[in-house]
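# The sequence and its predicted three-dimensional model are supplied below.
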Amino acid sequence: MPSEEKNELLRLIPRVDELADFAASASGAPREIACEVARSVTNRIRESIVSGRTFSRQELSLDSLGKLTVRELENLFKPSFKRVINATGVVLHTNLGRAPLSEEALNAIKETSQGYSNLEYRLSTGERGSRQEHLEGIICRLTGSESAFVVNNNAAAVLQVLTALARGREVIVSRGELIEIGDSFRLPDIMLSSGAKLCEVGTTNRTKLSDYREAIGPDTALILKTHMSNYRILGYSEEVSIFELSKLAHEHFIPLVEDLGSGSLIDLTPFGLEGEHTPMASIKAGADIVTFSGDKLLGGPQAGLVVGKAEYINAIRKHPLARALRIDKITVAALEATLREYLNPEKVLIRIPALKMLLDDEKNIEKKAKKLKRILDKEKPEKIQYEVVREFSTAGGGSLPLASLPTWCLKVKHSLHSAYETSRLLRESNPPVIARMKDDSILIDLRCIHEEEISMIADALLGIQ
């Protein structure tokens with residue numbers, strides 16, 4: 001583009017104050033912020049012209065660029081963190097927030113957070129208390145532990161235990177249990193951060209009791225067993241049970257710690273979901289400390305629960321790291337309410353959303369899939385092909401890795417868009433619909449879909465042009 005033409009286009013760009021006045025008036029946004037956005041818009045347009053892009057006079061008019069500024073202003077005030085519809089079928093989807101909270105948990109958050117609360121205040125004496133007091137009693141009751149302590153997630157719980165009990169000393173771990181969790185966060189890295197020394201025993205697929213016994217020495221602080229929540233070693237493999245490890249650890253007067261990861265408070269085996277055992281079972285088998293998550297199979301907010309013998313929990317509680325990893329009032333409220341649901345075993349399976357979705361009857365899911373199809377049938381969309389198909393869901397969140405949950409999906413293909421493009425357009429709907437792709441089709445899994453969301457999904461599909 002000739003320099004004269006570029007200069008002519010640059011002269012057509014409205015002044016920043018004109019755009020700011022236009023946008024502030026149209027959007028109601030503060031003029032100072034409107035100025036910042038207007039300046040950003042004009043700078044971007046100016047750079048495009050300089051790089052050789054051409055614009056029409058209409059595109060550079062006050063009306064056109066003013067409307068662009070208004071749109072960017074409105075986007076600035078829209079929340080980035082928002083509700084989405086989980087049509088992936090992954091119940092504890094880490095990227096989508098893991099476990100949805102129960103009604104009781106949501107009510108507790110509102111009740112204790114919209115004003116003041118007795119977070120660290122003892123109403124009985126008028127003295128300062130501890131936020132842990134709201135949780136410790138009920139956790140001990142549910143798990144059978146002597147004491148309990150809660151931090152902000154399970155990785156933090158493991159870090160806290162290792163730092164408080166093993167800093168500068170050795171921790172014995174099976175090579176088959178040197179796990180990596182989400183976002184490349186590895187157990188050896190946590191060990192290094194805690195100041196403990198990793199002592200690997202056994203092999204990737206086989207670790208025997210004698211391997212642990214031979215590794216114990218004067219520098220051994222504890223034995224750590226990690227639950228393989230997000231993978232399994234099958235075939236020619238061997239691991240040592242908690243019961244056997246506890247006897248060995250106690251013979252040498254060292255604590256046995258088990259990291260359960262997901263940590264279900266209910267034995268899910270009778271429901272056909274194998275591979276997870278409870279904190280209660282670990283403590284009964286002899287574990288001195290057990291750590292597990294609050295926002296996975298427990299179905300509550302993000303938290304890391306540490307349960308076990310009082311002498312070790314007290315040492316963990318007094319360590320300076322406890323303050324850095326402490327939970328806030330919202331977590332206290334939501335976790336206490338979630339835990340109280342477990343006091344009623346007959347109702348907890350339907351009152352905790354994550355458990356309800358994991359254990360939902362296949363026929364109920366099929367009904368929702370057929371309802372979605374009927375809504376689309378009434379509209380007779382020409383651009384999409386769809387059918388109800390049987391598929392499998394997963395638990396997610398590093399839980400129940402071998403579990404395949406029978407489910408029902410709406411399989412969708414758009415005549416004008418690939419599956420990838422259709423997925424993107426669904427994500428741009430309001431609210432965003434997050435589905436999964438298979439064989440160049442979109443699968444709308446109804447396992448995690450609430451009744452009121454079915455029509456929203458239909459609207460999103462019909463809105464794709």
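Yes, it's here.
# Going by C-alpha atoms from here, please, whenever you check contacts or count neighbours.
Noted.
# hang on, isn't residue 353 packed against residue 299?
Yes. Contact criterion C-alpha atoms under 8 Å: residue 353 and residue 299 qualify, at 7.0 Å.
# who touches both of those two?
Listed as contacting both residue 353 and residue 299 by C-alpha atoms under 8 Å, 6 or more residues apart in numbering are 99, 100, 101.
# about what we covered before: who has more neighbours, residue 353 and residue 299?
Shown here are residue 353 and residue 299; by other C-alpha atoms under 10 Å, residue 299 has more neighbours (28 against 20).
# Am I right that the more buried one is in a strand?
No. According to DSSP: H, G, I helix; E, B strand; the rest coil, residue 299 belongs to no strand; its state is coil.
# quick one on the thing from earlier: pull out the buried members of the shared contacts of residue 353 and residue 299.
Among the shared contacts of residue 353 and residue 299, those buried by neighbour count (16 or more other C-alpha atoms under 10 Å) are 99, 100, 101.
# now those residues in TSV, with distance to residue 154, pLDDT and secondary structure?
Shown next, in TSV, are these (distance: C-alpha to C-alpha, whole Å; pLDDT from 0 to 100; DSSP: H, G, I helix; E, B strand; the rest coil):
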residue	distance to residue 154	pLDDT	secondary structure
99	15	95	coil
100	18	96	coil
101	18	97	coil
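# Kindly reformat the residues you listed as TSV containing distance to residue 404.
As requested, those are exported to TSV (distance: C-alpha to C-alpha, whole Å):
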residue	distance to residue 404
99	18
100	21
101	23
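# List the buried residues for stretch 80-93?
Buried residues in stretch 80-93 (16+ other C-alpha under 10 Å): 85, 86, 87, 88, 89, 90, 91, 92, 93.
# Check stretch 11-25 too.
Residues 13, 14, 16, 19, 20, 21, 22, 23, 24 are the ones in stretch 11-25 that count as buried (16+ other C-alpha under 10 Å).
# Pick out whichever of these sits closest to residue 328.
residue 24 (37.6 Å; C-alpha to C-alpha).
# Tell me the spacing between that closest one and residue 209.
Distance, residue 24 to residue 209, by C-alpha to C-alpha, to the nearest Å: 72 Å.
# just checking, what's the longest helix in the chain?
The single longest helix within the chain, with elements called by DSSP state H, is helix 31-50.
# Just the CA atoms of that helix, as PDB, please.
What follows is helix 31-50, C-alpha atoms only, in PDB (Å, rounded to 0.1, in the frame of the first residue of the first chain):
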ATOM      1  CA  ARG A  31     -15.100   7.200  31.000                       C
ATOM      2  CA  GLU A  32     -11.600   6.500  32.300                       C
ATOM      3  CA  ILE A  33     -12.000   2.800  31.400                       C
ATOM      4  CA  ALA A  34     -13.600   3.700  28.100                       C
ATOM      5  CA  CYS A  35     -10.600   5.800  27.300                       C
ATOM      6  CA  GLU A  36      -8.300   2.900  27.900                       C
ATOM      7  CA  VAL A  37     -10.300   0.600  25.600                       C
ATOM      8  CA  ALA A  38     -10.600   3.300  23.000                       C
ATOM      9  CA  ARG A  39      -6.900   3.800  23.000                       C
ATOM     10  CA  SER A  40      -6.300   0.100  22.600                       C
ATOM     11  CA  VAL A  41      -8.700  -0.100  19.700                       C
ATOM     12  CA  THR A  42      -7.100   2.900  17.800                       C
ATOM     13  CA  ASN A  43      -3.600   1.600  18.400                       C
ATOM     14  CA  ARG A  44      -4.600  -1.800  17.000                       C
ATOM     15  CA  ILE A  45      -6.200  -0.300  14.000                       C
ATOM     16  CA  ARG A  46      -3.200   2.000  13.400                       C
ATOM     17  CA  GLU A  47      -0.800  -0.900  13.600                       C
ATOM     18  CA  SER A  48      -2.900  -2.900  11.100                       C
ATOM     19  CA  ILE A  49      -2.800   0.000   8.600                       C
ATOM     20  CA  VAL A  50       0.900   0.500   9.000                       C
END
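# who's in contact with the helix or strand just after it?
Moving toward the C-terminus from helix 31-50, the next helix or strand (DSSP states H and E) is helix 62-77. Residues outside helix 62-77 that contact it (C-alpha under 8 Å, 6+ apart): 13-14, 18-20, 22-24, 26-27, 29, 34, 37-38, 41, 58-59.
# Equivalent analysis for stretch 420-438, please.
83-88, 414, 419, 440, 442-445, 456-457, 460-461, 464.
# repeat for stretch 122-137
Stretch 122-137 has contacts (C-alpha under 8 Å, 6+ apart) with 119, 120, 121, 147, 148, 149, 150, 329, 332, 335, 336.
# So among those residues, which ones count as buried?
Among these, the ones that count as buried by 16+ other C-alpha under 10 Å are 119, 147, 148, 149, 150, 329, 332, 335, 336.
# For residue 34, list the residues it contacts.
Counting by C-alpha under 8 Å, 6+ apart, residue 34 makes contact with 20, 21, 23, 24, 69, 73.
# try residue 102
Neighbouring residues of residue 102 by C-alpha under 8 Å, 6+ apart: 300, 338, 351, 352, 353.
# Could you identify the helix or strand that succeeds the host helix or strand of the second one?
Think residue 338. Here residue 338 is covered by helix 329-341, with elements defined by DSSP H and E. Proceeding N to C from helix 329-341, the next assigned helix or strand is helix 345-351, under DSSP H and E.
# now that following helix: mean pLDDT?
Mean pLDDT, helix 345-351: 93.
# So which other helices or strands are in contact with it?
Counting contacts by 3 or more C-alpha pairs under 8 Å, 6 or more residues apart in numbering; DSSP states H and E, helix 345-351 packs against helix 329-341, helix 353-358.
# Kindly report the domain assignment for this protein.
What the record gives for the chain is the domain set 3-77, 85-93+359-462, 102-349, from automatic domain parsing.
# one step back: make JSON lines out of the buried residues of stretch 11-25 and add distance to residue 235.
Shown next, in JSON lines, are the buried residues of stretch 11-25 (distance: C-alpha to C-alpha, whole Å):
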{"residue": "13", "distance to residue 235": "70"}
{"residue": "14", "distance to residue 235": "71"}
{"residue": "16", "distance to residue 235": "69"}
{"residue": "19", "distance to residue 235": "68"}
{"residue": "20", "distance to residue 235": "68"}
{"residue": "21", "distance to residue 235": "71"}
{"residue": "22", "distance to residue 235": "70"}
{"residue": "23", "distance to residue 235": "66"}
{"residue": "24", "distance to residue 235": "67"}
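# Tell me the one of those nearest residue 406?
residue 23 (51.8 Å).
# Confirm that residue 258 sits in a strand.
Yes. Under three-state DSSP, residue 258 sits within a strand.
# The lowest-mean-pLDDT helix or strand in the chain pairs with which strands?
Lowest mean confidence among the helices and strands of the chain (mean pLDDT, DSSP states H and E): strand 180-181, at a mean of 74. Here strand 180-181 has these sheet partners by DSSP bridges: strand 185-186 (antiparallel).
# average pLDDT across the partner strand?
Average pLDDT, strand 185-186: 77.
# Distance from the chain centre to the helix or strand just after it, please.
The helix or strand immediately downstream of strand 185-186 is helix 187-194, counting by DSSP H and E. Its chain's C-alpha centre and that of helix 187-194 lie 22 Å apart, by C-alpha atoms, centre = their mean, to the nearest Å.
# Many thanks, have a good one.
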